[in-house]
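Peer 1: Provided below are the primary sequence and the corresponding predicted coordinates.
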Amino acid sequence: MTTVLAPVEGAAVGLAAVPDPVFSAGMVGPGSAIDPLRGPGEAVAPIAGKIMKLHPHAYVIVGDDGRGVLVHLGIDTVQLKGEGFRLLATEGDRVRAGQAVVAWDPSAVEAGGRSPVCPVVALDALSEAVTGVAQGRVHAGDELFIWE
């Protein structure tokens, strides 16, 4: 069992609320999403493990059990080419759950006409493996869902 933490503060809204069909239909995997608090902040590691992929707008952390969790900071944010994001860790780093990975500003993403909603996905998981999904207000580091 893996406890996946909220990477950002905001409102847990579920993947169905993500304005991108790939995420909202669960094609990437099951999980949840957070509509982040507007204003500068930091996105943290949802689990302890190794940063396997790190882009300014998204990262994947794989735990010692081999489970990977994707955090995507906003929708279509790859188009920003890193502008407005600052890496606080390096690909290959080992991180603890709750450790800051990327600094960003959801209000700047929104001002550019993009959704700042953050999908948090259990990669290669079966949909029924994700339980206890949080709803409503969450703080970075709060429990977001359980990966059975």
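Peer 2: Arrived safely.
Peer 1: now the strands for this structure?
Peer 2: For the chain, the strands defined by DSSP state E occupy 2-5, 10-12, 31-36, 41-44, 49-55, 58-62, 68-72, 85-87, 94-95, 100-104, 118-122, 130-131, 136-138, 143-147.
Peer 1: strand partners (parallel or antiparallel) of the third one?
Peer 2: Applying DSSP bridges to the sheet, strand 31-36 is found paired with strand 10-12 (antiparallel), strand 118-122 (antiparallel).
Peer 1: check the ones you listed for me and report the most buried one.
Peer 2: The highest mean neighbour count among the strands paired with strand 31-36, using mean count of other C-beta atoms under 10 Å, belongs to strand 118-122: a mean of 26. From N, CA and C alone the C-beta is placed, and that goes for glycine too.
Peer 1: circling back: redo the strands paired with strand 31-36 as TSV? Include distance to residue 78.
Peer 2: Putting the strands paired with strand 31-36 into TSV (distance: least, C-beta to C-beta, whole Å) gives the following:
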stretch	distance to residue 78
strand 10-12	21
strand 118-122	13
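Peer 1: would you mind saying which of these lies nearest residue 107?
Peer 2: With C-beta to C-beta as the criterion, residue 107 lies closest to strand 10-12 of the strands paired with strand 31-36, at 11.8 Å.
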